[in-house]
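> predicted model and sequence below, questions to follow.
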Amino acid sequence: MNPSPPPRRSFGAEVVTGVGDAFRPVVRLLDRFGDHVILLARSLAWLPRRPFRPANYLEACEYIGVGSLPIVLLVGFFTGAVMGLQAVYAFRQFQLESFAGGTTGKALAVELAPVLSALMVAGRSGAGIATELGTMRITEQIDALESMAVSPLQFLVLPRLIAGMLMAPILSLLFFIVAMVGCYFLAVVVQHVDHGQFVLHTRDLLTTTDVAQGMLKSIVFGLIVTLIGCYQGYNAAGGGRGVGLGTTRAVVFSSVTILISDYFLSDILLRVMSSDTGVR
Amino acid sequence: MSDADDVPLAQAHPRWHLRVRGLTKSFGAKLVLDKLDLDVERGKVNVIIGASGAGKSVLIKHFMCLLRPDRGSIWVDGTDVFALGTQPLSLFRRKFGLVFQFSALFDSLTVEENCAFPLREHTKKSKAEIKDIVRDRLAALGLDGMQAMYPGSLSGGQRKRVGLARALVLEPEILIFDEPTTGLDPLATRNVDDMILGVMDRYKVTSVVISHDMASVFRIADRIAMLHERQILVAGTVDEIRGSEIPYLYEFIRTSGVAAAGAAP
């Protein structure tokens, strides 16, 4: 028996289907973005409501802030050192190696400290949040919270979001300080750049506005890392494999989002906060 | 299939504690529940049976609004569950105690902290009072002395009992057990059955139990409802169910190894 031929579709319908297929990834991306915004809004709506549970906030701050501190400091020191090394070698060609501190400091304060510390937090705390909430989801612990009339958004998600926004700028600042120590050590102690010149040019080039820009970026990055970690964990499905996938996605999506949003944040902050940037 | 419509849904019914009307729920394209009606009898053990994946867990999650339906309503003592706002829903949920299939204990908390959790969240009782209540509930379930242990070090049966103790601390009106005997050996299954009957005797609550272990069902049930093909196929007393000649129900009971009283179709 011959199978009946599929019904003929009009040219217009085929075009609409084709265009729909082509834009499906974009639609899915917007859909996910919307889901994150909804999760953020629903969580923040719990902020002014009792009970406040300060212990949950402190615990989240401890996990994200104190827990990430060793790796942030370690990476910070060596980042500063290698940046200093490269700067000294580059500037030495023009006998300007005393500028190594100022230029490295500017790059660290505005870009490297917020971005790299956020990537460290994404790798450690973002992944941890996704795993913890994902495990709670698949073992029905989140359902258990709801069944006991406790909002999981208020109990689990909100403290992590707030802790992320509070801890990321502190970690970024510490990263910057330790990186400058690394840079000074490399330039002055190892490469014998003059101490006075190093400090003078650093104070000339580096402004509080640079540090403030970095801290503002860090607040956004902290939110991005914890929001994506919470989203992946809160919506985990499919057992252990699902939790693993969620954790991987949390790290990958956080890292990519940090790097992309850094560009747009830099553009906005340079226009708003700097008077002589030359950005048009 | 309801015989409870003589009293308006917005009024508390003397016999039926919880009334489900026209409940429809789908996940994406998959229809799980379709215009389902069910009545849960006050102060009795009401068991919902059905094949794995029939939608039993989905149904009970609607009871306390952990899931929202596409259509339909659930009425508990005249209250429309799905019409409640955030705060009233939070208060309403305290009427329920839910014992999860795999207990859903918080891994990071001890047995005592798990059981104390609802009291700490919802009451202003002192630490000493909470400790006493938890000890009382744990002792009633044969768990006294295990307060300092973590869920990871408990057996499956002990975890179920801790889950039940946690569900009991706020003195709920309705206790829901999601497949309480799944994964347990016959002796542990018998212990869990005795535990459910003991709780019914001591706390006089309404129980809803989800199960497909027919031996256990016939031991504990006062009423049985069968969920099949997205609806309640049949509901009645244990004797009515045992004597039923509905082919699917008869086959379900017979293949479980428990004798069905009805004639073979």
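Okay, I see it. These numbers come from a predicted model, not from an experiment. Numbers count the residues shown, from 1 in each chain, chains lettered A, B, ... in the order given.
> what number of residues lie near the closest residue to B:Leu84 other than its chain neighbours?
Closest residue in space to B:Leu84, ignoring its immediate chain neighbours: B:Phe92 at 5.6 Å, by CB to CB, 6 or more residues apart in numbering or on different chains. (Each C-beta comes from the backbone N, C-alpha and C, glycine too.) Residues contacting B:Phe92 under the criterion other CB atoms under 10 Å in any protein chain shown number 17.
> so how far is the helix or strand containing B:Phe92 from its chain's centroid?
In this assignment (DSSP states H and E), B:Phe92 forms part of helix B:86-93. Remark: helix B:86-93 is offset 19 Å from the chain centroid, using CA atoms, centre = their mean, to the nearest Å.
> mind listing what's buried in it?
Across helix B:86-93, burial judged by 16 or more other CB atoms under 10 Å in any protein chain shown covers B:Leu89, B:Ser90, B:Phe92, B:Arg93.
> contacts for it next, please.
A:Glu146, A:Ser147, A:Met148, A:Ala149, A:Ser151, B:Met64, B:Cys65, B:Val76, B:Thr79, B:Val81, B:Leu84 (CB atoms under 8 Å, 6 or more residues apart in numbering or on different chains).
> what's downstream of it, the next helix or strand?
Heading C-terminal from helix B:86-93 (DSSP H and E), you reach strand B:96-99.
> might you enumerate the residues of chain A proximal to chain B?
A:51, A:135, A:139-141, A:143-144, A:146-151 (CB under 8 Å from any CB of the partner chain).
> in PyMOL, select just the buried ones from the residues you listed.
A single PyMOL command suffices to select whichever of the residues of chain A next to chain B are buried according to 16+ other CB under 10 Å:
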select buried, chain A and resi 135+139+140+141+143+144+146+147+148+149+150+151
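> residue contacts, the nearest residue to A:Ala118 once chain neighbours are set aside?
Setting aside the residues directly before and after it, A:Ala118 is nearest to A:Phe221 in space (CB to CB, 6+ apart), at 3.5 Å. Counting by CB under 8 Å, 6+ apart, A:Phe221 touches A:Pro114, A:Val115, A:Ala118, A:Val121, A:Ala168, A:Ser172, A:Ile258, A:Ser261, A:Asp262.
> is it true that the fourth one lies in a strand?
Just to be clear, that refers to A:Val121. No. Using DSSP: H, G, I helix; E, B strand; the rest coil, the assignment for A:Val121 is helix, not a strand.
> for the stretch 1-150 of chain B, what spans make up the strands?
B:16-27, B:30-41, B:45-49, B:71-76, B:79-80, B:96-99 (DSSP state E, counting those that start in this stretch).
> what mean pLDDT would you report for the fifth one?
What that stands for is strand B:79-80. Average pLDDT, strand B:79-80: 93.
> report whether that strand contacts chain A.
No. On the criterion CB under 8 Å from any CB, strand B:79-80 is out of touch with chain A, staying 14.7 Å away.
> tell me the strands beside that strand, with direction?
In the sheet, strand B:79-80 lines up against strand B:71-76 (antiparallel) (DSSP bridges).
> buried sites along the partner strand?
B:Gly72, B:Ser73, B:Ile74, B:Trp75, B:Val76.
> pipe those residues into TSV and attach pLDDT per row.
As requested, the buried residues of strand B:71-76 are exported to TSV (pLDDT from 0 to 100):
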residue	pLDDT
B:Gly72	95
B:Ser73	95
B:Ile74	95
B:Trp75	95
B:Val76	94
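> wait, isn't A:Phe77 in contact with A:Ala179?
Yes. Applying CB atoms under 8 Å, one finds A:Phe77 in contact with A:Ala179, separated by 6.7 Å.
> those two - which one has more neighbours?
A:Ala179 (30 against 19).
> what's the neighbour count on A:Val121?
A:Val121 has 32 neighbours, counted by other CB under 10 Å.
> just A:Met120 next, same as before
A:Met120, neighbours per other CB under 10 Å, totals 24.
> next helix or strand past the lengthiest helix in chain B?
Across chain B, the helix with the greatest residue count (assigned by DSSP state H) is helix B:186-203. Following helix B:186-203 in sequence order, the next helix or strand is strand B:206-211 (DSSP H and E).
> for that next one, what is the distance to the chain centroid?
That offset, for strand B:206-211, works out to 4 Å (CA atoms, centre = their mean).
> list the contacts for A:Ile138?
A:Ala236, A:Ala237, A:Gly238, A:Gly239, A:Gly240, A:Gly242, A:Val243 are the contacts of A:Ile138 under CB under 8 Å, 6+ apart.
> how about the spatially most central residue of chain B, secondary structure?
When CA atoms, centre = their mean is applied to chain B, the residue found nearest the centroid is B:Ile176 (2.0 Å). Classification of B:Ile176 using three-state DSSP returns strand.
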